[in-house]
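Trainee: everything below, folded, please.
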Amino acid sequence: MKKPKKPADGTSLRDILAGDIAAILAGTHSNPFAVLGVHKTDEGYVARCFILGAEAVTATALDGSVIGELECLDPAGFFSGDVKLAKQQPVRYRARRGDVEWAVTDPYSFGPVLGPMDDYFARQGTHLRLFDKMGAHPLKHEGVQGFHFAVWAPNAQRVSVVGDFNNWDGRRHVMRFRSDSGIWEIFAPDVPAGVAYKFEIRGHDGVVLPLKADPFARRSELRPKTASVTANELVQVWDDSAHREHWASVDQRRQPISIYEVHAASWQRRDDGSMLSWDELASRLIPYCVDMGFTHIEFLPITEHPYDPSWGYQTTGLYAPTARFGEPEGFARFVNGCHKVGIGVILDWVPAHFPTDEHGLRWFDGTALYEHEDPRKGFHPDWNTAIYNFGRTEVLAYLLNNALYWAEKYHLDGLRVDAVASMLYLDYSRKHGEWIPNEYGGNENLEAVRFLQSMNTRLYGAHPGVMTIAEESTSWPKVSQPVHEGGLGFGFKWNMGFMHDTLSYLAREPVYRKYHHNELTFGLIYAFSENFVLPLSHDEVVHGKGSLIAKMAGDDWQKFANLRAYYAFMWGYPGKKLLFMGQEFAQWSEWSEERALDWNLLQYRMHEGMRRLVRDLNFTYRSKPALHARDCEGDGFEWLVVDDFENSVFAWLRKAPGEKPVAVITNFTPVYRENYTLRLPAEGRWREILNTDADIYGGSGKGNGGRVQAVNAGGGVQAVITLPPLATIMLEPEF
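Mentor: Sure thing, here's the model as predicted:
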């Protein structure tokens, strides 16, 4: 921009710039970079600045040498003047008001940070390093340290970054608009880490929206505050190469996977009731999981969210570990600590919807940017949340980059993707007329399908040791099959049918169970159609559902016996395992996010016995390849007793090539059965490797004395065994 020259009629520079000055002072100028900063003229360079409260301004180079005195063109703080520079470069100002002097580095004298290739890939939705470009990042730019801010708001008239560093004044850091991508950016010199900030957005209609948190913020304020916080790049010395190399080199379907599902805020708390920090959680939770034999910890969402009772499922900061447990580095240390002892960490991830809090993504630039404008596609009636617009390339890139971000920056071992069914079906939880069919007239959300396929393809391609798990409750085909075979590409899928059928069965009094025998046998019809995880999750112990122990039929003794038998039935059943915290010691009360688990129950024999059983089940499952190596393949399962509905007995064989088989036998009645004839695949002595009725677990101590003998009785090999009441036993051949 050339410096305006004073015309012969004596019109002043102030008059020539009057419109720009007024707009800048009012905060309505859409491109202050065209006016403020350093500009080349026919005679040299001119510098212009807006410094609120200044009476006089001296321009200096970065080394402090004076390059010009600026003239005040408006007492509100607008200055302009020639400066002596050999080339275009950043400048600083010494501003004065009375005896007070302060320095200001001019943000408008810096060039852009993003380049044309960033614009191109961002617009195409194929930029896979957006988390390094968008949001707030520390940067030394053109010789000056500060933070670079970038945000996508294509329909805004003007976007400013505001925060503690500029007194939340939207006129002082108006951002540069990149029309090719719809991204606004600015380098803000001298901004330190740890400063609160938001974006002030003037919508297309000129109305200033409520301040918005940064969609790519890597750190946030502690609720009830809602601002984003500038953060240094994550620094963590990782000691997990062996852990990551192992999971990248194996077929995860053939590995033992037993997941402990945890709500970090309520697993344990300090004596005063406050939440533990990540380091405190590491010192308690990691040793506990090692001792209990779990292979993975799956956290309910730990991304930033404003409302505790949402449990993290209504997140407003998809890139920021919540401030409830300390700084982001604490979470990285936690993950590293888990990996050092061989425990994986899975994040419950929510790409299906987002809350409508005014500081969040909803109506972000004054338009339906991240969501659909039509509520028939863009609003979720069950959760009062907005639904991501999976047909928009920039939204897909935002979510895809988030999946890659957690795997790369925090070394997470997996993502459990929440509410996949709500993503797949356009008519999910909607009545006739409340949804819009797809282009073929169907109810499938084809855009969401393409997103999930792309996410899984990209994530597994970049991080082969990571696993993705779908919480998908319908019969959508090939959820855990490869994308190139027409699948969604997930590694695993939650087996919701197993959970519903087994809990329904065990809620019945044993005398009636024979009429519902098929509730437990039916699941084997589809058990190998997907790579299943068997979930006993938080969803089963909230909202009036009680706890797992409370769901069991019978008196207290029978409830404990039922639950012990059920756990061993599940650990012997094909599929990976997931158990929500507190259920491993049979907490009586329904889970609440407001308080810690009832750890005092462990002083009682029955609860401690349940915990010991779950521990032994985990180590048995992990140490016996027959129980895990063919979890997802039909050749690893063989029925031994499938139709004994009169006695409510179930028995099967778990097996793996070259390994000893394990027989799993369950008696789901309180009847003590001696001399029960069981077919077995081979003669010889079989060792009783687990019995849920053992005294150490709180049972009655009945069993087979540790061994049974299988003989060839002419019609095949069989053993006469004892079935304890309401119990599961496991047998393994000694030969």
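Trainee: show the pLDDT at the residue most central in space within the chain.
Mentor: By C-alpha atoms, centre = their mean, the chain has its centre lying nearest to residue 349, at 3.0 Å. Note on residue 349: pLDDT of 97.
Trainee: residues contacting it?
Mentor: By C-beta atoms under 8 Å, 6 or more residues apart in numbering, the contact set of residue 349 is 301, 402-403, 406, 415-418. The C-beta positions use only the backbone N, C-alpha and C, and glycine is treated the same way.
Trainee: one more pass at 10 Å, please.
Mentor: With contacts defined as C-beta atoms under 10 Å, 6 or more residues apart in numbering, the neighbours of residue 349 are 301, 303, 315, 318, 399, 402-403, 406, 412, 414-418, 455, 468-469, 471.
Trainee: now residue 536
Mentor: By C-beta under 10 Å, 6+ apart, the contact set of residue 536 is 261, 498-499, 502-503, 548, 566-567, 570, 577-580, 583-584.
Trainee: in helices, which of the contacts of residue 349 appear?
Mentor: Per DSSP state H, helices hold the following members of the contacts of residue 349: 399, 402-403, 406, 455.
Trainee: which one of those is nearest to residue 96?
Mentor: Set against residue 96, the nearest of the ones in helices among the contacts of residue 349 by C-beta to C-beta is residue 402 (46.3 Å).
Trainee: residues near the closest one, how many?
Mentor: 21 (other C-beta atoms under 10 Å).
Trainee: pull up the gap between residue 168 and residue 17, please.
Mentor: As for residue 168, its distance to residue 17 is 26 Å (criterion: C-beta to C-beta, to the nearest Å).
Trainee: repeat for residue 337
Mentor: Relative to residue 17, and taking C-beta to C-beta, residue 337 is found at 59 Å.
Trainee: quick one, which of these two is more surrounded?
Mentor: Neighbour count, other C-beta under 10 Å: between residue 337 and residue 17, residue 337 has more, with 21 against 18.
Trainee: for the nearest residue to that one once chain neighbours are set aside, grab phi and psi.
Mentor: Leaving aside its sequence neighbours, residue 337 sits nearest to residue 282 (C-beta to C-beta, 6 or more residues apart in numbering; 4.7 Å). Dihedral pair for residue 282: phi -60, psi -40, per degrees, to the nearest 10.
Trainee: number the chain from 284, please
Mentor: New numbering, starting at 284: the last item is residue 565.
Trainee: pretty sure residue 565 contacts residue 622?
Mentor: No: here residue 565 lies out of contact with residue 622, judged by C-beta atoms under 10 Å, at a distance of 11.6 Å.
Trainee: neighbour count: these two, which is higher?
Mentor: Shown here are residue 565 and residue 622; by other C-beta under 10 Å, residue 622 has more neighbours (22 against 19).
Trainee: my read is that that one contacts residue 523, right?
Mentor: Yes: here residue 622 reaches residue 523: they are 3.3 Å apart, a contact under C-beta under 10 Å.
Trainee: give me the common contacts of these two.
Mentor: Taking C-beta under 10 Å, 6+ apart as the criterion, residue 622 and residue 523 both touch 529, 694, 696.
Trainee: for burial, what's the neighbour tally of the last one?
Mentor: Meaning residue 696. Neighbour number of residue 696 under other C-beta under 10 Å is 28.
Trainee: for it, give me its contacts.
Mentor: Contacts of residue 696 by C-beta under 10 Å, 6+ apart are 523, 526-527, 530, 535, 578-581, 618, 621-622, 626-630, 689-690, 746, 748-750.
Trainee: so what pairs up with the residue nearest to the centre of the chain in the strands?
Mentor: Following DSSP bridges, residue 632 is listed with bridge partners residue 700.
Trainee: how much space separates it from residue 827?
Mentor: Residue 632 is 27 Å from residue 827, where distance means C-beta to C-beta.
Trainee: for residue 1014, same thing?
Mentor: For residue 1014, the distance to residue 827 (C-beta to C-beta) stands at 40 Å.
Trainee: of these two, who's got more company?
Mentor: residue 1014 (27 against 5).
Trainee: so which strand or helix has the more buried one?
Mentor: strand 1010-1016 (DSSP states H and E).
Trainee: helices or strands next to that strand in the packing?
Mentor: Judged by 3 or more C-beta pairs under 10 Å, 6 or more residues apart in numbering; DSSP states H and E, the packing partners of strand 1010-1016 are helix 839-855, helix 888-906, helix 908-911, strand 932-937, strand 945-950, strand 967-974, strand 990-995, strand 1000-1006.
Trainee: hey, which of those is tucked in deepest?
Mentor: strand 945-950 (a mean of 26; mean count of other C-beta atoms under 10 Å).
Trainee: tell me what that strand is packed against?
Mentor: With contacts taken as 3+ C-beta pairs under 10 Å, 6+ apart, strand 945-950 sits against helix 839-855, helix 908-911, strand 920-927, strand 932-937, strand 956-962, strand 967-974, strand 1000-1006, strand 1010-1016.
Trainee: make TSV from those and add distance to residue 447 and mean pLDDT to it.
Mentor: Formatted as TSV, the helices and strands packed on strand 945-950 follow (distance: least, C-beta to C-beta, whole Å; pLDDT from 0 to 100):
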stretch	distance to residue 447	mean pLDDT
helix 839-855	52	98
helix 908-911	52	98
strand 920-927	61	97
strand 932-937	60	98
strand 956-962	72	95
strand 967-974	59	97
strand 1000-1006	69	96
strand 1010-1016	60	98
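Trainee: put together TSV for the ones you listed, with distance to residue 808 on each row.
Mentor: Converted to TSV, the helices and strands packed on strand 945-950 look like this (distance: least, C-beta to C-beta, whole Å):
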stretch	distance to residue 808
helix 839-855	17
helix 908-911	21
strand 920-927	11
strand 932-937	14
strand 956-962	21
strand 967-974	26
strand 1000-1006	25
strand 1010-1016	21
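Trainee: circling back to that earlier point, just the pLDDT for the residue nearest to residue 620.
Mentor: With respect to pLDDT, residue 565 has a value of 98.
Trainee: follow-up on the earlier one: to residue 571, which of the helices and strands packed on strand 945-950 lies closest?
Mentor: helix 839-855 (17.6 Å).
Trainee: how far away from the center of its chain is the closest one?
Mentor: When C-alpha coordinates are averaged (C-alpha atoms, centre = their mean, to the nearest Å), helix 839-855 and its chain have centres 31 Å apart.
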